[in-house]
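1. I'd like to go over a predicted model; first the sequence, then the structure.
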Amino acid sequence: MSSDALTSHLTESRRFEPSAEFRERARVSSREQYEALYRESLDDPSAFWARETRDLVWRTEATAVMTGKPPRADWFHGASLNVSESCVDRHLTSGARHRAAIIWEGEPEAGGRPVETRTLTYGELHREVVALAGALRALGVEKGDRVILYMGMVPEAAIAMLACARVGAVHGVVFGGFAVEALRDRINDCGAKVVITQDGAFRRGNVVPMKATVDRALEEAKSVEKVIVFPRLGPAHAPISLHPGRDLLWSDALALDPKAGAAPEIVDASHPLFILYTSGSTGKPKGVLHTAAGFLAGAHVSTRYVFDLRDGDLFWCTADVGWVTGHSYVVYGPLSNGATVMMYEGAPNAPDPGRFWRIIERHGVSVLYTAPTAIRAFMRWGEQHPRACDLSSLRLLGSVGEPINPEAWVWYHTVIGGGRCPIVDTWWQTETGSIMMVTLPGATFAKPGSTGLPFFGVVPEVWRADGTPAAPNEGGKLVLTRPYPSMLRTIWGDDARYQQAYFSEFSDTYFTGDGARRDEDGYFWVLGRIDDVLNIAGHRVGTAEIESAVVGHPAVAECAAVGRPDELKGQALVVFVTLKLGQEAGPAMREAILEQVSRDIGKFARPDEVRFADALPKTRSGKIMRRFLKDIAAGRAATGDASTLEDLSVLAKLQAAEE
Ligand code: WTA
């Protein structure tokens, strides 16, 4: 870890109070009220969680709310449930049957209007989930079986997740931007029995083929028995080729046994709900495992408080279902609360940079939850786009995925929020399942760039390397010292790695991998990752994963991937490459390397820069010294202790190459 990772250079003293009007109607409307609930959540977690999750559907009640200690903490012991009942069935009898659960827009637009929109009421969502659950059962999917979802942003992705939950199967959503090999590895890692996909998706005016990618992945993934294909593209596109005996169209699957899904599989609280692969500091992605009751409790309670949900809201989390934010805040959190979710298929600038704002105006979105990288792109595209639309339906804004720079925060507040909408900057991770830090919107002031205070039940702390607490404003390692319902329970198939990755830095305490400081008001400032994970445009990318893709190219001898600061994406990905003898560096080689990453991982992970070098700076024991490469990538003079460097001239050459 380089020491500068833990030094915060940001001094931001502005404070933004919620308006009196927002505060008056908010669920939590003062710092005192927040403190009281927070205290209760720590002093009496059983009472807190029992009360806050009372509206969920429990088939049997928990006998103990919190048991064990991390890494083996468990929640809602003795309870049984089916998550889909809480997200769907319960709204059929509460008067919300005809309320919209999902309002969807496809990407293509003509004359400033979407070519396709769909609205699914809770009643319709229920019918679809039951029918797909019936199909899964008819195809032999049983409790505990894994189902991979390789889908874009269509309502069927949510339906598929809920149908898996309904039959007690474990879903693993693979982001639609992942390429063949990444998809294949994930299918193989969890031994999926069924894949649910679509023919293709519309993205930035292009068609992204998805079924063809699945076909190729399955050439080397033999656990899969059946593939269900949702036809998204329509008759103007290539006919869908179905592998006889293996593949079925969505409609044929749903007709298999439409009633067989009616009765949900009742599972224990700690039955696995899903696996979601995320980057760690080795080349192999981690299959983060979440469990039914704990995950649902975290997503449910946080959605209600953080987004201050109320009747009539239209809640738009712009994240893709392929990432954790899409799991918790497009699907499980809002639906378990009976909210109406906005879902949009495509890119924010398709067909032009005004798209998001037209969606907000058209449907009357009231809560918008997006990422800093998107906000910075909107800033760059210019405020004329949001200004052209009526955004007065918005009442609350959210940010997630990476630290938001104060300039972007203030722009978001002024231009998008019209100065009247509080901003919730939410810190959390794939592993935590739901929001861990946030300033509740009506409770107290926000500071631009700070993720604020701990959410209920969460105890974040900043520790020095020796495990002692850091002083106020002193940078250190961010840990979570208490168990929490929605924390991951293990890494699929690799429990040793689970313990190693999260509980070895400090024994029995969850280490987040982030650096942070806490200021004199108790507000947290996240400084970014301090392990070998990059945060590029809000997506976690493991440097080791990129490196293993790059060295997969036959001409490459060695490679090191590092991040450098980037105005738009937060971090940009730079790879330093040394070639095998006799190989020629140049534009063709650069292209081949980019292609290699696109093919192995996906286009979204393509490096921003490839730099060829004769050698990489190494220690005498052969370890690549990344901190020098980071300096060079950022255009800084490589400073710091070079005494362990094996060959000083390597550094000089790398620097010279830059000038
Ligand atoms: C970073 C996304 C600062 C952090 C939900 C974390 C943030 C990683 C914030 C997890 C935020 C997420 N401010 N940094 N509000 N939110 N991060 O697993 O480094 O894709 O560890 O989960 O994103 O990324 P992941």
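-> Right, received. Where do you want to start?
2. now the residue lying farthest from the centre of the chain, what's its secondary structure?
-> Outermost residue of the chain with respect to the C-alpha centroid, by CA atoms, centre = their mean, is G582; its distance is 42.3 Å. Under DSSP: H, G, I helix; E, B strand; the rest coil, G582 falls in the coil class.
3. measure it to A557 for me?
-> Counting by CB to CB, to the nearest Å, the separation of G582 from A557 is 11 Å. Any C-beta I mention is one placed from the backbone N, CA and C, and that applies to glycine too.
4. And for Y150?
-> According to CB to CB, Y150 stands 34 Å off from A557.
5. cool, P258 as well?
-> For P258, the distance to A557 - CB to CB - is 58 Å.
6. Who has more neighbours out of these two?
-> Ranked by neighbour count (other CB atoms under 10 Å), P258 and A557 place P258 first, with 16 against 13.
7. Could I get the phi/psi values of the residue farthest from the centre of the chain?
-> When quoted as degrees, to the nearest 10, the phi and psi of G582 stand at phi 90, psi -10.
8. What does the pLDDT read for it?
-> Per-residue confidence (pLDDT) for G582: 93.
9. Distance-wise, check E431 relative to the ligand.
-> As judged by CB to the nearest ligand atom, to the nearest Å, E431 and the ligand stand 7 Å apart.
10. what's the closest non-adjacent residue to that residue?
-> Once flanking residues are discounted, E431 sits nearest to L488: 4.5 Å by CB to CB, 6 or more residues apart in numbering.
11. wait, the one you found sits on W428?
-> No: with contact defined as CB atoms under 8 Å, L488 and W428 do not form a contacting pair (11.8 Å).
12. quick one: which of those two has more around it?
-> Looking at L488 and W428 with other CB under 10 Å, you find the greater number of neighbours at L488, namely 27 against 24.
13. Could you check how far that one is from P406?
-> Here L488 is placed at a distance of 31 Å from P406 (CB to CB).
14. Ignoring the adjacent residues along the chain, who's closest to whichever residue of the stretch 101-250 of the chain sits closest to the ligand?
-> The ligand sits closest to F175 of the stretch 101-250 of the chain, with a gap of 10.7 Å, by CB to the nearest ligand atom. Closest residue to F175 apart from its sequence neighbours, by CB to CB, 6+ apart: G322 at 2.8 Å.
15. How many residues are close by the one you found?
-> G322: 23 neighbours (other CB under 10 Å).
16. Begin at 48, not 1, for the rest of this chat.
-> Fine by me, first position is 48 from now on; the one you just mentioned is G369.
17. Now do it against the ligand, distance only.
-> Separation of G369 from the ligand (CB to the nearest ligand atom): 11 Å.
18. Could you pull up the contacting residues of that residue?
-> Residues in contact with G369 (CB atoms under 8 Å, 6 or more residues apart in numbering) are 220-225.
19. In JSON lines, list these along with pLDDT, neighbour count and distance to V188.
-> Putting the contacts of G369 into JSON lines (pLDDT from 0 to 100; neighbours: other CB atoms under 10 Å; distance: CB to CB, whole Å) gives the following:
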{"residue": "V220", "pLDDT": "98", "neighbour count": "28", "distance to V188": "16"}
{"residue": "V221", "pLDDT": "98", "neighbour count": "26", "distance to V188": "17"}
{"residue": "F222", "pLDDT": "96", "neighbour count": "21", "distance to V188": "22"}
{"residue": "G223", "pLDDT": "95", "neighbour count": "25", "distance to V188": "22"}
{"residue": "G224", "pLDDT": "93", "neighbour count": "19", "distance to V188": "26"}
{"residue": "F225", "pLDDT": "95", "neighbour count": "24", "distance to V188": "23"}
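20. any chance of these in TSV, plus secondary structure?
-> TSV is the format used below for these (three-state DSSP):
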residue	secondary structure
V220	strand
V221	coil
F222	coil
G223	coil
G224	coil
F225	strand
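21. now, the most widely separated pair of those?
-> V220 and G224 (12.1 Å; CB to CB).
22. Closest one of the contacts of G369 to T686?
-> Out of those, the member with the shortest distance to T686 (by CB to CB) is G224, at 36.6 Å.
23. and stretch 165-175, which residues are buried?
-> 167-175 (16 or more other CB atoms under 10 Å).
24. Strands of the stretch 498-647 of the chain, residue ranges please.
-> According to DSSP state E, counting those that start in this stretch, the stretch 498-647 of the chain carries its strands in the segments 507-510, 523-527, 537-538, 557-565, 571-576, 580-583, 586-589, 603-613, 617-626.
25. Return the list of strands paired to the third one, each annotated with direction.
-> What it means is strand 537-538. Strand 537-538 pairs in its sheet with strand 333-338 (antiparallel), by DSSP bridges.
26. And the fourth one, by the same measure?
-> Each strand pairing with strand 557-565, determined using DSSP bridges, is listed with its direction: strand 523-527 (antiparallel), strand 571-576 (antiparallel).
27. re earlier: tell me how far the residue nearest to E478 lies from L320.
-> 11 Å.
28. anything in contact with each of these two?
-> Contacts common to L535 and L320, judged by CB under 8 Å, 6+ apart, are H337.
29. ok, now which ones touch S326?
-> So S326 contacts 332-333, 580, 587-589, 592 (CB under 8 Å, 6+ apart).
30. can you tell me which of those residues are up against the ligand?
-> For the ligand, the contacts drawn from the contacts of S326 by CB under 6 Å from any ligand atom are R587.
31. Out of the contacts of S326, the closest to Q546 would be?
-> Using CB to CB, K333 is the member of the contacts of S326 that lies nearest Q546, at 12.3 Å.
32. so the residue of the stretch 198-347 of the chain at minimum distance from the ligand bridges to which residues?
-> Minimum separation of the stretch 198-347 of the chain from the ligand (CB to the nearest ligand atom) falls at T325, amounting to 5.3 Å. For T325, the beta-bridge partners are K333 (DSSP bridges).
33. Test my guess that it contacts H337.
-> No: T325 is beyond contact range of H337, at 11.5 Å (criterion: CB under 8 Å).
34. More neighbours: which of those two?
-> Using other CB under 10 Å as the criterion, T325 and H337 rank with H337 on top: 28 against 19.
35. Report the separation between that one and A83.
-> From H337 across to A83, the span is 29 Å (CB to CB).
36. What of G669?
-> Applying CB to CB to G669 and A83 gives a distance of 56 Å.
37. And for G489?
-> Counting by CB to CB, the gap from G489 to A83 is 14 Å.
38. Name the residue in those two with the higher neighbour count.
-> Higher neighbour count among G489 and A83: G489, with 22 against 12, using other CB under 10 Å.
39. CA atoms of the helix or strand M208 falls within as CSV?
-> Following DSSP states H and E, one finds M208 within helix 202-214. What follows is helix 202-214, C-alpha atoms only, in CSV (Å, rounded to 0.1, in the frame of the first residue of the first chain):
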residue,chain,number,x,y,z
PRO,A,202,-38.2,-6.4,-16.7
GLU,A,203,-37.6,-10.1,-17.4
ALA,A,204,-34.3,-9.8,-15.6
ALA,A,205,-36.2,-8.9,-12.4
ILE,A,206,-38.7,-11.6,-13.1
ALA,A,207,-36.0,-14.2,-13.5
MET,A,208,-34.3,-13.2,-10.2
LEU,A,209,-37.6,-13.4,-8.4
ALA,A,210,-38.5,-16.7,-10.1
CYS,A,211,-35.2,-18.2,-8.9
ALA,A,212,-35.9,-17.0,-5.4
ARG,A,213,-39.4,-18.5,-5.6
VAL,A,214,-38.1,-22.0,-6.2
